[in-house]
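Visitor: Next come a sequence and a model predicted from it.
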Amino acid sequence: DYPAAWNGQTELDSWYLAGNLLPGQAERVQGLVENFIAVQEADGRIDWKPGLAGQRSQRLAQPLLASLAWQAYACTLDADWLRRIYPALAAFFKSWFSPDHDRDQDGFPEWDHPFQPGLDSMPLFNPGDRDSAGVEISTIESPSLAACLYHEAQALARMAALLQLPGDQYDFEQAQVRLNDGLNQAWEEARGVFVYQDYLSHSHQPGISLAEFSQTGTYPIKYSFKDPVRLLLKIQSDQEITRYCHFSIHGSGPEGAIREEVPARAIQWLHGSGRYTTRSTFTKVKEIIARQIQPGETIQFGSVPYDAEDLSNFLPLWAGMASQDQAAAMAAALHERYLSSYGLRLSPQAVPAGSQIHLPWNRMLIEGLIRYGQRDLAAKIMIANLNAVSLALTETKDFQAYYDAAHGLAESAESTQLSGAISTTTFLNCLGVELLAPNKLMIHGLSPFSLPVTVQYRGTVIEFFPNRTIIRTRLGNTFQIGDEEVHEIAL
């Protein structure tokens, strides 16, 4: 069942749900993939949240479908199914690179809406939070989207190789190269994170406050930037009334003099707050002219804070886009700035508003840390997530859409959300269990958990202890592992 407010399922929801369906219910996961393909448009687009009654959000789905399909294939080895759905998966991937989404056609697309990534409260973009910058997300190249597309391209390249389509395989491998090249322009060594960058200028300078005022008038600025940046207007008011304000921003950019007019109708308004990101990129700002400012309105004017960060900036770990040195720096940053008693926060600890813990994104980063050999940190995050879920089940007998870094339970979070359950697949990955085929497992070293864990699958029982692993096959044979080596087990 689902709550009354439910209005559709995203690809991120399905991807996370598959963590509790696989490997035993691969046919259901295949069905989830086919549900999205059933609403695909002729140009390859798939809607972000298709509703049961035909509702459409008119936004592209998160690029996670090929990754989901590959997970299902690994549990069934059904090549005929993969061959049938492959054209639709390839077309959906390519739809992300149209000029509507990759606005400068550099092979690094942009999100279209702040809710699209699946983290509604991202502090740089959230239009509903008065403290948020409220930047127009379509002007930004985001590490999270690069990571999702890179992960999709990996899955599609594997499919193309399996289906003997060398031309397609090459195209998807080249897409990975372009995404990786674009992302590495935004690596910030000092903080150990990939940062946001402007889609056109590829600038990722820190935000600068240029002026704050509350009256009509002309405000000289006279500020120069190292690289072209976009400017940001924030209008705050406690009254929800019709707006008549108008702004003129004068300066210059790579193409010469700029005069950008900002009427009230061009500003994004919500709950008494307005946000506007300039269409132009500026290298110099001369002045801003404000007209018809209402009493009680406060205007903040500055440049886009490309240096803002949140948990999504670390998603290249999950996709395998980071070098070993970058991965080590990102792991240290996650441990130092994001890890709480209940998991990885949305924002660094220095940003109190970002205390939400979203398990799907925690899962991605746990898997990414395991990929780079950081299984102890991955297990620490998993234990923190288990603490949050255990508390919710004890106190409310239910899962929550997200949890709170300080208290575990989040007062405003929706309940009855499967995205608030622990992913069993990821828990097994932390243990060191990897499913290679329907009848083959890989055990990676010893358990990182202090308590014993028992796993049963297809008649085989595996008991994990901190210092040994005991395997009892369905044929009655018993084996013991006492080292950190990798062992393959036939079921």
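Guide: Looks like it arrived, so ask away.

Visitor: Just give me how far the strand or helix carrying Asp181 sits from the chain centre.
Guide: Following DSSP states H and E, one finds Asp181 within helix 166-184. The chain centroid and the centroid of helix 166-184 are separated by 20 Å, computed with CA atoms, centre = their mean, to the nearest Å.

Visitor: Over to stretch 272-292?
Guide: 29 Å.

Visitor: With stretch 95-105 instead?
Guide: 19 Å.

Visitor: same question for that stretch, mean pLDDT?
Guide: The pLDDT scores in stretch 95-105 average 97.

Visitor: can I have the strand ranked longest in the chain written out in CSV, keeping just the CAs?
Guide: Longest strand in the chain by number of residues (criterion: DSSP state E): strand 217-229. What follows is strand 217-229, C-alpha atoms only, in CSV (Å, rounded to 0.1, in the frame of the first residue of the first chain):
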residue,chain,number,x,y,z
GLY,A,217,17.7,53.3,-5.9
THR,A,218,21.0,52.9,-7.9
TYR,A,219,23.7,50.9,-6.1
PRO,A,220,27.2,51.1,-7.5
ILE,A,221,29.2,47.8,-7.3
LYS,A,222,32.4,48.0,-9.4
TYR,A,223,33.6,44.4,-8.9
SER,A,224,35.6,42.2,-11.2
PHE,A,225,35.6,38.4,-11.2
LYS,A,226,38.5,36.1,-12.2
ASP,A,227,36.2,34.0,-14.4
PRO,A,228,32.7,34.6,-15.8
VAL,A,229,30.0,33.9,-13.2
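
Visitor: And for that strand, what's in contact with it?
Guide: 198, 200-203, 205, 208, 210-211, 213, 251, 253-254, 281-290, 301, 303-304, 306 (CB atoms under 8 Å, 6 or more residues apart in numbering). In short, each C-beta sits where N, CA and C put it, glycine included.

Visitor: Recalculate using a threshold of 7 Å.
Guide: Outside strand 217-229, the residues that touch it by CB atoms under 7 Å, 6 or more residues apart in numbering are 198, 201, 203, 205, 210-211, 213, 253-254, 281-290, 303-304.

Visitor: and if you look at stretch 324-342?
Guide: In contact with stretch 324-342 (CB under 7 Å, 6+ apart) are residues 187, 191-193, 311, 314, 317, 322, 344-345, 348-349, 357, 365, 369, 372, 374, 377, 381, 384, 387-388, 403, 405, 408.

Visitor: Counting only strands, which of these make the cut?
Guide: Short answer: these in strands (DSSP E) are 187, 193, 344, 357, 403.

Visitor: and Asn362, how far is that from Phe115?
Guide: 19 Å (CB to CB, to the nearest Å).

Visitor: Name the residue in those two with the higher neighbour count.
Guide: More crowded of Asn362 and Phe115, by other CB atoms under 10 Å: Asn362, with 26 against 21.

Visitor: how about the more buried one, phi and psi?
Guide: Main-chain dihedrals, Asn362, degrees, to the nearest 10: phi -60, psi -40.

Visitor: To what extent is Ala388 buried, counted in neighbours?
Guide: So Ala388, with other CB under 10 Å, has 28 neighbours.

Visitor: Go ahead and confirm it touches Tyr403.
Guide: Yes - judged on CB atoms under 7 Å, Ala388 makes contact with Tyr403 at a distance of 4.0 Å.

Visitor: Next, show the common contact partners of these two.
Guide: In contact with both Ala388 and Tyr403: 342-343, 357, using CB under 7 Å, 6+ apart.

Visitor: between these, which has the most around it?
Guide: Gly343 leads these on contacts (other CB under 10 Å) with 32 neighbours.

Visitor: Show me what that residue is bridged to.
Guide: Ser340 (DSSP bridges).

Visitor: any idea how far Trp361 is from it?
Guide: Relative to Trp361, and taking CB to CB, Gly343 is found at 9 Å.

Visitor: Could you check the helix holding Asp181 and say which residues are buried?
Guide: Neighbour counts over helix 166-184 (16 or more other CB atoms under 10 Å) mark 168-169, 171-172, 175-176, 178-180, 182-183 as buried.

Visitor: In JSON lines, list those along with distance to Ser138 and pLDDT.
Guide: Formatted as JSON lines, those follow (distance: CB to CB, whole Å; pLDDT from 0 to 100):
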{"residue": "Asp168", "distance to Ser138": "29", "pLDDT": "98"}
{"residue": "Gln169", "distance to Ser138": "31", "pLDDT": "98"}
{"residue": "Asp171", "distance to Ser138": "25", "pLDDT": "98"}
{"residue": "Phe172", "distance to Ser138": "25", "pLDDT": "98"}
{"residue": "Ala175", "distance to Ser138": "20", "pLDDT": "98"}
{"residue": "Gln176", "distance to Ser138": "23", "pLDDT": "98"}
{"residue": "Arg178", "distance to Ser138": "19", "pLDDT": "98"}
{"residue": "Leu179", "distance to Ser138": "18", "pLDDT": "98"}
{"residue": "Asn180", "distance to Ser138": "22", "pLDDT": "98"}
{"residue": "Gly182", "distance to Ser138": "16", "pLDDT": "97"}
{"residue": "Leu183", "distance to Ser138": "18", "pLDDT": "98"}
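
Visitor: Among the residues you listed, which one sits closest to Glu141?
Guide: Gly182 (6.7 Å; CB to CB).
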